[in-house]
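Peer 1: Structure for the following, please:
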Amino acid sequence: MPMAEIPSEVVLYDVRGRTAIITLNRPARLNAWNPALHEGYFSSLDRAAADPGVRAIVVTGAGRGFCAGADMEMLQRIDPENGIDEADRPPREASGRTWTHVHATTIPKPVIAAVNGACAGLGFVHALACDLRFAAEGAKFTVAFSRRGLIAEHGSSWLLPRLVGQSVALDLALSGRVFLAEEAAQLGVVNRVCRPDVLLEETLAYADDLATNVSPTSMAVMKQQLYTHPSLPLAEAVAESDRLMHESLTRADVVEGVRSYVEKRTPDFSPYVADG
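Peer 2: Numbers count the residues shown, from 1 in each chain. Predicted coordinates:
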């Protein structure tokens, strides 16, 4: 599929095999966040979610950065009395597209961030919101908000403690300090650190393994479980899991999963179809 551009070229969309690649494309600004990038990013996520041929999604940045946070030119237009200017407000913010749009049933496919460079503020939030994070050696991370007079924005106060624990989350959020990919891996912020020249290829190889060998329906249901069950009482989580397991036993995927294993071949799972 040829490279498509959404909109005004600030977000690039490509499909390689069964994996969609979403590239934040404002390299001269280290992919700093603005309304056009916001709209293009979420439109691209929705596009990948709706495409039955896409089974995994990789998000990365063009140039030297992943996303350096909100565009400073936009932040400089903030009015102390009225807040952010309407022209700078992301258009989807009012229509329910939150910063954690990649979670659970909204985007039922695995979303993997390939953090190629600077990942700060809103960029950090977007990396946290992805299901998994691979990072280039030496990539710089910072929550940053406290050093701009802001607070833990857009669900990062929910996401970060679940990855690293309360004490580490407080350290990273309160200090706004810069930490590198290697420490991010030790803390649990990222899953894998790669050489910069192979980061995207290693991320795509992982995504391709999911897209080729894992049931899309299993992944969609597991995303829902893992994002919602930790907030439930244990008995409710177990009861819900039992119900979902019973449903999975009625699907053709379980037959194909067992048969392909016995026959030592690649499974041929059906695309995920949302209920209703």
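Peer 1: what's near enough to touch residue 136?
Peer 2: 115, 116, 117, 181, 193, 194, 195, 196, 199 (Cβ atoms under 8 Å, 6 or more residues apart in numbering). C-beta: built from backbone N, CA, C; applies to glycine.
Peer 1: Next: residue 187.
Peer 2: Residue 187 makes contact with 163, 164, 168, 172, 179, according to Cβ under 8 Å, 6+ apart.
Peer 1: Surely the second one and residue 190 touch.
Peer 2: No. Taking contacts as Cβ atoms under 8 Å, residue 164 lies outside contact range of residue 190: 10.6 Å.
Peer 1: Which members of the contacts of residue 136 come out as buried by neighbour count?
Peer 2: Buried residues within those, counting neighbours by 16 or more other Cβ atoms under 10 Å: 115, 116, 117, 181, 193, 194, 199.
Peer 1: doesn't residue 198 make contact with the second one?
Peer 2: Yep, that's residue 116 we're talking about. No. If you go by Cβ under 8 Å, residue 116 and residue 198 don't touch, sitting 11.2 Å apart.
Peer 1: any idea whether residue 23 is helix, strand or coil?
Peer 2: The three-state label given to residue 23 by DSSP: H, G, I helix; E, B strand; the rest coil is strand.
Peer 1: ranges for the helices of the stretch 51-200 of the chain?
Peer 2: Taking DSSP state H, counting those that start in this stretch, the helices of the stretch 51-200 of the chain run over residues 72-75, 122-129, 156-164, 166-175, 181-187, 199-213.
Peer 1: Highest mean neighbour count across those helices, which stretch is it?
Peer 2: Ranked by average neighbour count under the criterion mean count of other Cβ atoms under 10 Å, the helices of the stretch 51-200 of the chain are headed by helix 122-129 at a mean of 25.
Peer 1: Please point out which parts of stretch 137-144 sit buried.
Peer 2: Residues 139, 140, 141, 142, 143, 144 are the ones in stretch 137-144 that count as buried (16+ other Cβ under 10 Å).
Peer 1: export the helices of the stretch 51-200 of the chain to TSV and tack on distance to residue 242 and mean pLDDT?
Peer 2: Converted to TSV, these look like this (distance: least, Cβ to Cβ, whole Å; pLDDT from 0 to 100):
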stretch	distance to residue 242	mean pLDDT
helix 72-75	48	52
helix 122-129	29	91
helix 156-164	24	85
helix 166-175	30	89
helix 181-187	34	97
helix 199-213	25	97
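Peer 1: Show me where the protein has its strands.
Peer 2: Using DSSP state E, the strands of the chain run over 4-6, 11-16, 19-24, 56-61, 65-67, 111-115, 118-120, 132-136, 140-142, 179-180, 192-194.
Peer 1: Run a quick neighbour tally on residue 30.
Peer 2: Residue 30 sits with 22 neighbouring residues when counted by other Cβ atoms under 10 Å.
Peer 1: Quick check, it in contact with residue 118.
Peer 2: Yes. Counting by Cβ under 8 Å, residue 30 does reach residue 118; the two are 5.3 Å apart.
Peer 1: shared neighbours of these two, which are they?
Peer 2: Joint contacts of residue 30 and residue 118 (Cβ under 8 Å, 6+ apart) are 64, 65, 67, 68.
Peer 1: okay, now the first one: neighbour count?
Peer 2: The local packing of residue 64 (other Cβ under 10 Å) involves 15 other residues.
Peer 1: For residue 237, which non-adjacent residue is closest in space?
Peer 2: Excluding the flanking residues, the one nearest residue 237 by Cβ to Cβ, 6 or more residues apart in numbering is residue 229, at 4.1 Å.
Peer 1: I misspoke; the intended subject was residue 45.
Peer 2: Nearest non-adjacent residue to residue 45, counting by Cβ to Cβ, 6+ apart: residue 107, 5.5 Å away.
Peer 1: how about that neighbour, what does it touch?
Peer 2: 45, 46, 48, 49, 57, 101.
Peer 1: ok, residue 58 touching residue 204?
Peer 2: Yes. The criterion here is Cβ under 8 Å, and residue 58 meets it with residue 204 at 6.1 Å.
Peer 1: Touching both of these two, which residues are there?
Peer 2: Residues touching both residue 58 and residue 204 (Cβ under 8 Å, 6+ apart): 19, 21.
Peer 1: so where's the stretch 51-200 of the chain uncertain?
Peer 2: Within the stretch 51-200 of the chain, the ranges that satisfy pLDDT under 70 run 71-105, 146-149, 151-152, 154.
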